[in-house]
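Visitor: just coords:
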(Lines give C-alpha, C1' and ligand atoms only; values in the text may rest on other atoms or scores of the structure.)
Protein backbone atom coordinates (compact mmCIF):
# COMPACT_ATOMS: atom_id res chain seq x y z
CA UNK A 1 0.00 0.00 0.00
CA UNK A 2 2.75 2.39 0.97
CA UNK A 3 4.63 1.57 -2.23
CA UNK A 4 1.56 2.18 -4.27
CA UNK A 5 1.12 5.60 -2.69
CA UNK A 6 4.73 6.44 -3.31
CA UNK A 7 4.44 5.35 -6.91
CA UNK A 8 1.34 7.51 -7.35
CA UNK A 9 3.13 10.49 -5.87
CA UNK A 10 6.01 9.99 -8.26
CA UNK A 11 3.70 9.83 -11.24
CA UNK A 12 1.61 12.82 -10.17
CA UNK A 13 3.88 15.61 -11.48
CA UNK A 14 3.82 14.07 -14.92
CA UNK A 15 0.05 14.09 -15.07
CA UNK A 16 -1.30 17.03 -16.99
CA UNK A 17 -4.29 17.43 -19.19
CA UNK A 18 -3.39 16.23 -22.65
CA UNK A 19 -5.04 17.55 -25.77
CA UNK A 20 -4.28 16.16 -29.17
CA UNK A 21 -2.41 19.28 -30.21
CA UNK A 22 -0.30 18.72 -33.30
CA UNK A 23 3.10 19.77 -32.03
CA UNK A 24 5.67 19.80 -34.78
CA UNK A 25 8.53 18.80 -32.50
CA UNK A 26 9.48 18.19 -28.89
CA UNK A 27 10.83 21.71 -28.40
CA UNK A 28 7.50 23.24 -29.33
CA UNK A 29 5.69 20.93 -26.95
CA UNK A 30 8.07 21.80 -24.12
CA UNK A 31 7.60 25.51 -24.78
CA UNK A 32 3.84 25.04 -24.80
CA UNK A 33 3.77 23.07 -21.55
CA UNK A 34 6.05 25.60 -19.88
CA UNK A 35 3.79 28.45 -20.93
CA UNK A 36 0.63 26.65 -19.90
CA UNK A 37 2.09 26.10 -16.44
CA UNK A 38 2.53 29.83 -15.96
CA UNK A 39 -1.07 30.61 -16.81
CA UNK A 40 -4.01 30.21 -14.50
CA UNK A 41 -7.23 28.46 -15.35
CA UNK A 42 -10.00 31.00 -14.81
CA UNK A 43 -12.61 28.38 -14.00
CA UNK A 44 -10.83 26.29 -11.37
CA UNK A 45 -8.64 29.04 -10.10
CA UNK A 46 -6.08 27.02 -8.21
CA UNK A 47 -5.07 25.06 -11.26
CA UNK A 48 -2.82 26.12 -14.06
CA UNK A 49 -3.84 25.95 -17.66
CA UNK A 50 -1.76 22.83 -18.25
CA UNK A 51 -3.55 20.92 -15.50
CA UNK A 52 -7.12 21.90 -15.97
CA UNK A 53 -9.77 19.82 -17.63
CA UNK A 54 -12.23 22.72 -17.68
CA UNK A 55 -13.74 23.40 -21.06
CA UNK A 56 -12.53 26.97 -21.15
CA UNK A 57 -9.00 25.82 -20.27
CA UNK A 58 -9.05 23.55 -23.32
CA UNK A 59 -10.10 26.49 -25.49
CA UNK A 60 -7.41 28.69 -24.01
CA UNK A 61 -4.78 26.01 -24.52
CA UNK A 62 -5.83 25.80 -28.13
CA UNK A 63 -5.67 29.57 -28.37
CA UNK A 64 -2.18 29.64 -26.84
CA UNK A 65 -1.11 26.97 -29.31
CA UNK A 66 -2.49 28.90 -32.25
CA UNK A 67 -0.77 32.08 -31.10
CA UNK A 68 2.49 30.15 -30.83
CA UNK A 69 1.99 28.91 -34.35
CA UNK A 70 1.29 32.46 -35.48
CA UNK A 71 4.81 33.32 -34.33
CA UNK A 72 3.92 35.23 -31.15
CA UNK A 73 6.47 35.38 -28.36
CA UNK A 74 5.72 34.12 -24.86
CA UNK A 75 5.40 37.71 -23.66
CA UNK A 76 2.93 38.54 -26.42
CA UNK A 77 0.84 35.49 -25.62
CA UNK A 78 0.76 36.41 -21.94
CA UNK A 79 -0.21 39.96 -22.87
CA UNK A 80 -3.00 38.59 -25.05
CA UNK A 81 -4.47 36.82 -22.03
CA UNK A 82 -3.79 39.63 -19.56
CA UNK A 83 -5.63 42.12 -21.77
CA UNK A 84 -8.70 39.90 -21.54
CA UNK A 85 -8.47 38.31 -18.11
CA UNK A 86 -6.28 40.62 -16.05
CA UNK A 87 -2.96 39.91 -14.33
CA UNK A 88 -4.82 37.22 -12.47
CA UNK A 89 -4.10 34.76 -15.29
CA UNK A 90 -0.39 34.98 -14.53
CA UNK A 91 0.84 32.68 -11.80
CA UNK A 92 3.79 35.00 -11.38
CA UNK A 93 2.27 38.40 -10.61
CA UNK A 94 4.13 41.36 -12.15
CA UNK A 95 5.81 43.91 -9.89
CA UNK A 96 3.83 47.14 -9.93
CA UNK A 97 2.29 49.52 -7.37
CA UNK A 98 -0.85 47.37 -7.07
CA UNK A 99 1.19 44.30 -6.12
CA UNK A 100 3.76 45.92 -3.83
CA UNK A 101 1.96 44.62 -0.77
CA UNK A 102 2.00 41.12 -2.20
CA UNK A 103 5.69 41.23 -3.06
CA UNK A 104 7.12 43.10 -0.11
CA UNK A 105 4.83 42.34 2.85
CA UNK A 106 6.48 38.97 3.64
CA UNK A 107 9.96 40.51 3.66
CA UNK A 108 8.73 43.46 5.71
CA UNK A 109 7.14 41.11 8.25
CA UNK A 110 10.39 39.14 8.57
CA UNK A 111 12.31 42.38 9.11
CA UNK A 112 9.83 43.60 11.73
CA UNK A 113 10.00 40.21 13.48
CA UNK A 114 13.78 40.25 13.44
CA UNK A 115 13.78 43.78 14.84
CA UNK A 116 11.43 42.83 17.68
CA UNK A 117 13.49 39.71 18.44
CA UNK A 118 16.76 41.66 18.46
CA UNK A 119 15.20 44.21 20.77
CA UNK A 120 14.03 41.58 23.24
CA UNK A 121 17.37 39.79 23.19
CA UNK A 122 19.26 43.01 23.79
CA UNK A 123 17.08 43.90 26.75
CA UNK A 124 17.41 40.42 28.26
CA UNK A 125 21.16 40.34 27.90
CA UNK A 126 21.31 43.66 29.70
CA UNK A 127 19.10 42.42 32.52
CA UNK A 128 20.73 39.07 33.23
CA UNK A 129 23.97 40.28 34.88
CA UNK A 130 22.07 42.62 37.19
CA UNK A 131 19.40 40.16 38.26
CA UNK A 132 20.48 37.17 40.28
CA UNK A 133 18.65 33.95 39.45
CA UNK A 134 15.61 33.78 41.72
CA UNK A 135 13.94 30.88 40.01
CA UNK A 136 10.81 32.93 39.57
CA UNK A 137 10.55 35.02 36.45
CA UNK A 138 6.94 36.04 36.61
CA UNK B 1 1.65 45.86 30.45
CA UNK B 2 4.13 43.32 29.11
CA UNK B 3 1.95 40.60 30.61
CA UNK B 4 -1.01 41.86 28.65
CA UNK B 5 0.98 41.91 25.44
CA UNK B 6 0.35 38.25 24.46
CA UNK B 7 -3.35 38.78 25.05
CA UNK B 8 -3.34 41.88 22.88
CA UNK B 9 -1.50 40.07 20.11
CA UNK B 10 -4.00 37.24 20.36
CA UNK B 11 -6.92 39.67 20.22
CA UNK B 12 -5.40 41.38 17.19
CA UNK B 13 -4.99 38.03 15.47
CA UNK B 14 -8.63 37.14 16.21
CA UNK B 15 -9.63 40.50 14.79
CA UNK B 16 -7.65 39.86 11.61
CA UNK B 17 -9.11 36.39 11.10
CA UNK B 18 -12.59 37.67 11.86
CA UNK B 19 -12.13 40.38 9.27
CA UNK B 20 -11.04 37.71 6.77
CA UNK B 21 -14.22 35.73 7.37
CA UNK B 22 -16.37 38.84 7.08
CA UNK B 23 -14.59 39.89 3.87
CA UNK B 24 -15.02 36.49 2.25
CA UNK B 25 -18.70 36.29 3.05
CA UNK B 26 -19.32 39.74 1.58
CA UNK B 27 -17.19 39.48 -1.53
CA UNK B 28 -17.09 37.09 -4.43
CA UNK B 29 -13.54 35.83 -4.01
CA UNK B 30 -13.48 34.02 -7.35
CA UNK B 31 -14.37 37.12 -9.29
CA UNK B 32 -11.72 38.39 -11.65
CA UNK B 33 -12.14 42.12 -12.34
CA UNK B 34 -12.28 42.71 -16.06
CA UNK B 35 -9.53 44.77 -17.63
CA UNK B 36 -12.01 45.65 -20.39
CA UNK B 37 -14.10 47.99 -18.23
CA UNK B 38 -13.95 51.49 -19.64
CA UNK B 39 -12.47 50.20 -22.89
CA UNK B 40 -13.96 49.71 -26.31
CA UNK B 41 -15.74 46.39 -26.64
CA UNK B 42 -13.71 43.88 -28.67
CA UNK B 43 -14.40 43.38 -32.35
CA UNK B 44 -16.66 40.52 -33.28
CA UNK B 45 -18.66 39.38 -36.24
CA UNK B 46 -20.93 36.50 -35.42
CA UNK B 47 -23.79 34.72 -37.17
CA UNK B 48 -27.30 35.22 -35.85
CA UNK B 49 -28.65 32.19 -34.05
CA UNK B 50 -31.94 32.18 -35.96
CA UNK B 51 -30.58 33.36 -39.30
CA UNK B 52 -27.03 31.98 -39.55
CA UNK B 53 -26.58 33.41 -43.04
CA UNK B 54 -26.76 36.91 -41.52
CA UNK B 55 -24.22 38.26 -39.13
CA UNK B 56 -23.93 40.94 -36.50
CA UNK B 57 -20.77 42.84 -35.67
CA UNK B 58 -19.67 45.28 -33.02
CA UNK B 59 -20.13 48.18 -35.44
CA UNK B 60 -23.75 47.28 -36.16
CA UNK B 61 -24.56 47.87 -32.51
CA UNK B 62 -23.00 51.32 -32.20
CA UNK B 63 -25.24 54.34 -31.64
CA UNK B 64 -27.40 53.06 -28.82
CA UNK B 65 -26.40 51.34 -25.59
CA UNK B 66 -26.99 47.62 -25.29
CA UNK B 67 -26.69 44.79 -22.84
CA UNK B 68 -24.76 41.76 -23.98
CA UNK B 69 -25.77 38.69 -22.03
CA UNK B 70 -23.48 35.67 -22.40
CA UNK B 71 -25.40 32.45 -21.92
CA UNK B 72 -25.50 28.84 -23.02
CA UNK B 73 -28.06 26.09 -22.92
CA UNK B 74 -25.47 23.96 -21.07
CA UNK B 75 -25.18 26.46 -18.24
CA UNK B 76 -27.36 25.78 -15.17
CA UNK B 77 -26.93 29.26 -13.68
CA UNK B 78 -28.14 30.76 -16.97
CA UNK B 79 -31.31 28.79 -16.48
CA UNK B 80 -31.67 30.30 -13.00
CA UNK B 81 -31.09 33.76 -14.42
CA UNK B 82 -33.45 33.28 -17.33
CA UNK B 83 -36.78 34.08 -15.59
CA UNK B 84 -35.40 37.43 -14.42
CA UNK B 85 -34.39 38.34 -17.96
CA UNK B 86 -37.82 37.24 -19.19
CA UNK B 87 -39.52 39.43 -16.61
CA UNK B 88 -37.31 42.51 -16.59
CA UNK B 89 -35.42 42.37 -19.88
CA UNK B 90 -37.99 44.39 -21.81
CA UNK B 91 -38.28 47.13 -19.20
CA UNK B 92 -34.58 47.84 -18.80
CA UNK B 93 -34.61 50.47 -21.53
CA UNK B 94 -31.68 49.04 -23.48
CA UNK B 95 -31.48 46.38 -26.15
CA UNK B 96 -30.79 42.93 -24.77
CA UNK B 97 -28.41 41.04 -27.05
CA UNK B 98 -27.76 37.39 -26.33
CA UNK B 99 -24.40 35.78 -26.98
CA UNK B 100 -24.89 32.04 -27.15
CA UNK B 101 -21.47 30.92 -25.96
CA UNK B 102 -19.84 27.59 -26.81
CA UNK B 103 -23.16 26.05 -27.59
CA UNK B 104 -24.80 24.04 -30.29
CA UNK B 105 -27.30 26.26 -32.11
CA UNK B 106 -29.94 23.51 -32.11
CA UNK B 107 -29.59 23.00 -28.36
CA UNK B 108 -29.84 26.73 -27.79
CA UNK B 109 -32.99 27.00 -29.90
CA UNK B 110 -34.62 24.14 -27.99
CA UNK B 111 -33.65 25.78 -24.72
CA UNK B 112 -35.13 29.13 -25.79
CA UNK B 113 -38.28 27.47 -27.05
CA UNK B 114 -38.73 25.80 -23.70
CA UNK B 115 -37.98 28.78 -21.45
CA UNK B 116 -38.78 31.74 -23.70
CA UNK B 117 -36.63 34.22 -25.55
CA UNK B 118 -35.95 37.52 -23.78
CA UNK B 119 -33.43 38.73 -26.36
CA UNK B 120 -33.84 41.21 -29.17
CA UNK B 121 -31.11 39.48 -31.14
CA UNK B 122 -28.98 36.44 -30.44
CA UNK B 123 -25.56 35.78 -31.92
CA UNK B 124 -23.99 32.33 -31.89
CA UNK B 125 -20.40 32.01 -30.74
CA UNK B 126 -20.00 28.31 -31.28
CA UNK B 127 -16.23 28.03 -30.95
CA UNK B 128 -16.12 30.49 -28.05
CA UNK B 129 -13.62 32.88 -29.61
CA UNK B 130 -15.69 36.01 -29.19
CA UNK B 131 -16.30 35.02 -25.57
CA UNK B 132 -12.56 34.79 -24.98
CA UNK B 133 -12.10 38.22 -26.56
CA UNK B 134 -14.63 39.55 -24.08
CA UNK B 135 -12.73 37.87 -21.23
CA UNK B 136 -15.65 35.58 -20.44
CA UNK B 137 -14.74 32.74 -18.10
CA UNK B 138 -18.03 31.66 -16.60
CA UNK B 139 -21.49 32.11 -18.00
CA UNK B 140 -23.69 33.90 -17.34
CA UNK B 141 -21.87 37.17 -17.76
CA UNK B 142 -23.40 40.46 -18.76
CA UNK B 143 -21.79 43.52 -20.31
CA UNK B 144 -23.32 46.98 -20.55
CA UNK B 145 -21.96 48.73 -23.63
CA UNK B 146 -22.69 52.39 -24.25
CA UNK B 147 -23.60 54.13 -27.51
CA UNK B 148 -19.92 54.70 -28.33
CA UNK B 149 -19.18 51.01 -27.94
CA UNK B 150 -17.38 51.28 -24.59
CA UNK B 151 -17.93 48.63 -21.92
CA UNK B 152 -19.29 50.45 -18.89
CA UNK B 153 -20.30 47.67 -16.55
CA UNK B 154 -19.79 43.96 -16.24
CA UNK B 155 -21.60 41.44 -14.15
CA UNK B 156 -20.00 38.05 -13.62
CA UNK B 157 -22.61 35.54 -12.62
CA UNK B 158 -26.33 35.77 -12.41
CA UNK B 159 -28.35 38.97 -12.75
CA UNK B 160 -30.67 38.72 -9.77
CA UNK B 161 -33.53 41.20 -9.20
CA UNK B 162 -31.38 42.68 -6.45
CA UNK B 163 -28.36 43.15 -8.73
CA UNK B 164 -30.58 44.55 -11.48
CA UNK B 165 -32.09 47.12 -9.11
CA UNK B 166 -28.96 48.15 -7.21
CA UNK B 167 -26.22 47.85 -9.86
CA UNK B 168 -27.51 47.47 -13.38
CA UNK B 169 -30.33 50.02 -13.45
CA UNK B 170 -28.22 52.90 -12.09
CA UNK B 171 -25.53 52.03 -14.66
CA UNK B 172 -28.09 51.94 -17.45
CA UNK B 173 -29.43 55.31 -16.30
CA UNK B 174 -25.92 56.78 -16.38
CA UNK B 175 -25.20 55.33 -19.81
CA UNK B 176 -28.53 56.48 -21.24
CA UNK B 177 -28.02 59.99 -19.84
CA UNK B 178 -24.62 60.07 -21.50
CA UNK B 179 -26.08 58.91 -24.80
CA UNK B 180 -28.75 61.59 -24.94
CA UNK B 181 -27.52 64.77 -26.68
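Guide: Sure, I can see it. Just so we're clear, the structure is a prediction, and the values are computed from it rather than from any experiment. Numbers count the residues shown, from 1 in each chain, chains lettered A, B, ... in the order given.
Visitor: Tell me how many other residues surround residue B:142.
Guide: Close neighbours of residue B:142, defined as other Cβ atoms under 10 Å in any protein chain shown, add up to 24. In short, each C-beta sits where N, CA and C put it, glycine included.
Visitor: would you say it is within a strand?
Guide: Yes. Judged by DSSP: H, G, I helix; E, B strand; the rest coil, residue B:142 forms part of a strand.
Visitor: Is the residue in chain B that chain A sits nearest to in a helix, a strand, or coil?
Guide: For chain B and chain A, the shortest gap (Cβ to the nearest Cβ) falls at residue B:137, measuring 3.5 Å. Classification of residue B:137 using three-state DSSP returns coil.
Visitor: Around it, how many other residues sit close by?
Guide: Neighbour tally, residue B:137, other Cβ under 10 Å: 25.
Visitor: if I pick it, what's in contact with it?
Guide: A:42, A:43, A:56, A:85, B:32, B:156 (Cβ atoms under 8 Å, 6 or more residues apart in numbering or on different chains).
Visitor: roughly how far apart are it and residue A:42?
Guide: 4 Å (Cβ to Cβ, to the nearest Å).
Visitor: do the same with residue A:33
Guide: 19 Å.
Visitor: So for those two, which residue has more residues nearby?
Guide: A count of neighbours by other Cβ under 10 Å puts residue A:42 above the other of residue A:33 and residue A:42, at 25 against 15.
Visitor: doesn't residue A:90 make contact with that one?
Guide: No. Contact criterion Cβ atoms under 8 Å: residue A:42 and residue A:90 do not qualify, at 11.9 Å.
Visitor: residues touching the closest residue to chain B within chain A, list them.
Guide: Nearest residue of chain A to chain B, counting by Cβ to the nearest Cβ: residue A:42, 3.5 Å away. Residue A:42 sits next to A:56, A:57, A:60, A:85, A:88, A:89, B:32, B:137, B:138 when contact means Cβ under 8 Å, 6+ apart.
Visitor: Tabulate the residues you listed in a markdown table, adding columns for pLDDT, secondary structure and distance to residue A:117.
Guide: Below are the contacts of residue A:42 laid out as a markdown table (pLDDT from 0 to 100; DSSP: H, G, I helix; E, B strand; the rest coil; distance: Cβ to Cβ, whole Å):
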| residue | pLDDT | secondary structure | distance to residue A:117 |
| --- | --- | --- | --- |
| A:56 | 87 | helix | 47 |
| A:57 | 89 | helix | 45 |
| A:60 | 91 | helix | 46 |
| A:85 | 89 | helix | 42 |
| A:88 | 85 | helix | 36 |
| A:89 | 88 | helix | 39 |
| B:32 | 77 | coil | 39 |
| B:137 | 89 | coil | 44 |
| B:138 | 84 | coil | 46 |
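Visitor: Let me know the closest of those residues to residue B:72.
Guide: Checking the contacts of residue A:42 against residue B:72 by Cβ to Cβ gives residue B:138 as the nearest, at 10.5 Å.
Visitor: Around residue A:65, count how many other residues there are.
Guide: Neighbourhood size, residue A:65 [other Cβ under 10 Å]: 20.
Visitor: ok now do it, which residues does it touch?
Guide: Residues near residue A:65 by Cβ under 8 Å, 6+ apart: A:21, A:32.
Visitor: element containing it?
Guide: helix A:55-69 (DSSP states H and E).
Visitor: Of all the residues in that helix, which ones are buried?
Guide: Going by neighbour count (16 or more other Cβ atoms under 10 Å in any protein chain shown), the buried part of helix A:55-69 is A:56, A:57, A:58, A:59, A:60, A:61, A:62, A:63, A:64, A:65, A:67, A:68.
Visitor: Quick check: closest non-adjacent residue to the residue positioned nearest the centre of chain A.
Guide: Taking Cα atoms, centre = their mean, the centroid of chain A lies closest to residue A:91, which sits 5.2 Å from it. Nearest non-adjacent residue to residue A:91, counting by Cβ to Cβ, 6 or more residues apart in numbering or on different chains: residue A:38, 5.3 Å away.
Visitor: Noted, bye for now.
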